[in-house]
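Asks: I need the structure of the sequence given here:
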Amino acid sequence: MLMKMEITVISAQGIKKPSSSYSLFSRRLRPFINLTPYTPLTNANGDKPRHVYTTTIDDQGGVDPTWGDRFHVTLHPNFFYQQTHSFIYLQLYTKRLILGPAQLGWCQIPVRDFAGGMLPAGNVRHLSYRLRDKDGTRGNGVVNIAVKLEGSVPVVRPSPEMGERGTVIGIPVRMVSAVGGQLGVGCKEDKWQASGP
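Replies: All right, here's what the predicted structure looks like:
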C-alpha cells in the first residue's frame with residue numbers, strides 16, 4: 001500500500017550567491033528547489049528511479065525567496081519503516097542563463113522529523129533547516145517547509161538492522177484513571193484509551 005504526503009516549500013532566508021565566477025554571468029538570484037525522497041531500499045528490486053519534485057523559479061525574491069509550491073508525494077511504506085535511513089533530499093539552486101543551474105545549498109529532512117511521534121494524519125508540521133554547502137559544511141540560509149501526512153500512516157516497526165533486541169521507548173501523553181480503579185494510557189485528545197486487565 002503506497003502512502004501519500006503533501007510537502008509545501010514555503011520560503012528561504014539569508015541565501016547568498018555562489019562564487020565570484022557566478023557574478024560574471026548573472027546579477028541576481030533566480031532560486032528554485034528540488035526535492036527527492038530517498039529510501040535505501042528504493043532501487044534494490046529494480047523499482048522506478050527516484051522522482052524529483054521541482055519548485056517554480058522565484059525571479060523577485062533574491063536572497064529571501066518565497067514559493068508556496070505544494071507537492072503530493074507518493075511513497076512506499078519502506079520510507080516510513082526505515083526511519084533511520086529515509087529522508088527527503090532538498091537542493092537549492094539558482095538558474096543561470098549561461099552554464100546552467102548553480103547549487104546554493106542542500107539539506108536532508110529525516111522522516112522522523114515529520115512522521116515520528118504522535119502526529120496524526122492530516123496535521124501539518126512546519127519545519128526549518130539550515131542549508132549546507134556542496135562539501136557538507138555549514139552554509140548560508142535557512143529553508144522553510146510544511147509537511148502533512150495524508151490518509152492512514154503505517155505503524156512504524158523496528159527496522160531489520162535493529163534485530164529483536166533493539167530498544168523501543170514509548171512515552172504516554174498522560175495517565176487516565178479508568179472506571180473501576182483500573183489505569184490506562186491515554187493518547188492525544190483522548191481519542192484512544194487502552195485499559196489494563
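
Asks: in stretch 101-121, what's buried?
Replies: 101, 102, 104, 105, 106, 107, 109, 111, 113, 114, 115, 119 (16 or more other Cβ atoms under 10 Å). Any C-beta I mention is one placed from the backbone N, CA and C, and that applies to glycine too.

Asks: typed the wrong thing, it's stretch 52-68
Replies: Buried, per 16+ other Cβ under 10 Å, within stretch 52-68: 53, 55, 57, 58, 61, 63, 65, 67.

Asks: if we can go back for a sec, from the buried residues of stretch 101-121, which single one is nearest residue 137?
Replies: Using Cβ to Cβ, residue 105 is the member of these that lies nearest residue 137, at 10.4 Å.

Asks: contact partners for the closest one?
Replies: For residue 105, the contacting residues are 15, 91, 92, 131, 132, 133, 139, 140, 141, 143, by Cβ atoms under 8 Å, 6 or more residues apart in numbering.

Asks: let me see the confidence value for the last one.
Replies: Right, the one you point to is residue 143. Note for residue 143: predicted pLDDT of 96.

Asks: shaky segments in this protein?
Replies: Within the chain, the stretches with pLDDT under 70 are 18-26, 40-49, 82-83, 116-119, 151-197.

Asks: what are the ranges of the helices in it?
Replies: 20-23, 78-81, 112-115 (DSSP state H).
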